[in-house]
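In: Test case, fold it:
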Amino acid sequence: MDLETLHNDICNSLHSDLFAICYIEDPELNPQWKLDDDGLLRCNNRIYVPDANDLLLKVLQYKHNHILSGHYGQNKTLHQVRQEYVWPKLQSFIKHFCDSCIKCKHSKAPHHKPYGLLQPLPVPEHLWNSISMDFIEQLPPSNSFTTVLIVVD
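Out: Residues are numbered from 1 along each chain as shown. As a prediction, the model looks like this:
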């Protein structure tokens, strides 16, 4: 991914973001927010990324999925993104992104106790004491029927 293209896309999307427009039109509103020479809105020298055109996703793909990034976990990815970028609800967005990353799921081992052994269900004491039923749907038609009702006593 080209970093220059990403920053150009961020620049072009700033004028459609209501949050960014407040600081662009009134630079005295908050001294931490400044528009730099490249046209990027910065907060404490970090680039503000508007929630438009999948820009948040592109930033995370650049920081998390990049060959040199190594699919770090949530904390390292958050640290890397916060060094250069800022947007509202950044932490929850990164958490959701890392939770849905397939490569991370396959390569990271779970850190919880192993699941216990399966426990058999108790044997019912009387007839009709425990009844379950289920439908099997979308079967090939048989005498124009496509569903089976299964009842277990």
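In: show me where pLDDT drops low in the chain?
Out: Residue ranges of the chain with pLDDT under 70: 1, 67-70, 108.
In: Which stretches in it count as strands?
Out: Assigned strands in the chain, in chain order: 33-35, 41-43, 46-48, 85-86, 132-136, 148-152 (criterion: DSSP state E).
In: ok, now which ones touch Glu4?
Out: By C-beta atoms under 8 Å, 6 or more residues apart in numbering, no residues touch Glu4. To be clear about C-beta, it is placed using only N, CA and C from the backbone, and glycine gets the same treatment.
In: Return the distance of it relative to Trp33.
Out: 23 Å (C-beta to C-beta, to the nearest Å).
In: same thing with Ser132?
Out: On the measure of C-beta to C-beta, Ser132 and Trp33 end up 60 Å apart.
In: In terms of neighbours, single out the busier of the two.
Out: When Ser132 and Trp33 are compared for neighbours, Trp33 comes out ahead with 19 against 8, by other C-beta atoms under 10 Å.
In: Tell me if I'm right that that one and Arg46 touch.
Out: No. Trp33 is beyond contact range of Arg46, at 10.4 Å (criterion: C-beta atoms under 8 Å).
In: Next, give phi and psi for Trp128.
Out: phi 60, psi 20 (degrees, to the nearest 10).
In: what's the answer for the one 10 residues further on, then?
Out: Here is the backbone geometry of Gln138 (degrees, to the nearest 10): phi 60, psi 40.
In: For the residue lying closest to Tyr48 once chain neighbours are set aside, give me its contacts.
Out: Once flanking residues are discounted, Tyr48 sits nearest to Leu41: 4.3 Å by C-beta to C-beta, 6 or more residues apart in numbering. With contact taken as C-beta under 8 Å, 6+ apart, Leu41 is in contact with 14, 20, 23-24, 33-35, 47-48.
In: how about 7 Å then?
Out: 14, 20, 23-24, 33, 35, 48 (C-beta atoms under 7 Å, 6 or more residues apart in numbering).
In: Over to Asp36?
Out: Arg42.
In: what's the most distant pair in the contacts of Leu41?
Out: Farthest-apart pair in the contacts of Leu41 is Leu14 and Trp33; separation 11.6 Å (C-beta to C-beta).
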